[in-house]
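Student: Build the 3D model from these lines:
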Amino acid sequence: MVAELMKIKDLQPSQLYISKEKLDAVMSWLDPNDFTNFEPVPIKLLDGEIIITDGHTRLVAALLLGLETVPLMWDEDELNWDMYRACVKECKKQVLLSPIDLLKRIVSKEEYDIKWNKWCDVMQAKVLGK
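Tutor: Just a heads-up that it's a prediction; the model follows:
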């Protein structure tokens, strides 16, 4: 499947929340008519499903601007895919099946640090067996 032809709504998130502070920063520079400064959002085919590995905030910003597609790229990095599996599993448990669902999960920086960053730290310790 060609990454450039996929719609934002068809991508599976691997993140539970969006920081309003980060979103405001992206909204300040994102131009829906010019993707010159837009770094493609990395996606990965993981267990037969296309997931977002980074760039959730850019995707939410794009949705808020009425965009259906943005530049995407296949993630070739060697990442901790077990951690991503755990994140995707939790997203599905919380019925976050598309970046559209993250529009209801925009929180303050403080909430983001508690609800997402702290959750990641705990989950990573579980996944890594620490």
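Student: Can you get me a residue count around Ser98?
Tutor: 19 (other C-beta atoms under 10 Å). (Glycine included, C-beta is placed from N, CA and C.)
Student: And the pLDDT for Asn37?
Tutor: For Asn37, the model assigns a pLDDT of 85.
Student: List of residues touching the host helix or strand of Gln124?
Tutor: Assigned by DSSP states H and E, Gln124 falls within helix 119-128. Applying C-beta atoms under 8 Å, 6 or more residues apart in numbering, the external contacts of helix 119-128 come out as 16, 80, 82-83, 86-87, 90.
Student: From those residues, list the buried ones, please.
Tutor: 16, 83, 86-87 (16 or more other C-beta atoms under 10 Å).
Student: What is the most widely separated pair among those?
Tutor: Leu16 and Met83 (13.3 Å; C-beta to C-beta).
Student: Worst mean pLDDT across the helices and strands of this structure, which element?
Tutor: Least confident helix or strand, the chain: helix 119-128 with a mean of 87, by mean pLDDT, DSSP states H and E.
Student: any idea how far that one is from the chain center?
Tutor: Counting by C-alpha atoms, centre = their mean, to the nearest Å, helix 119-128 is centred 18 Å from the centre of its parent chain.
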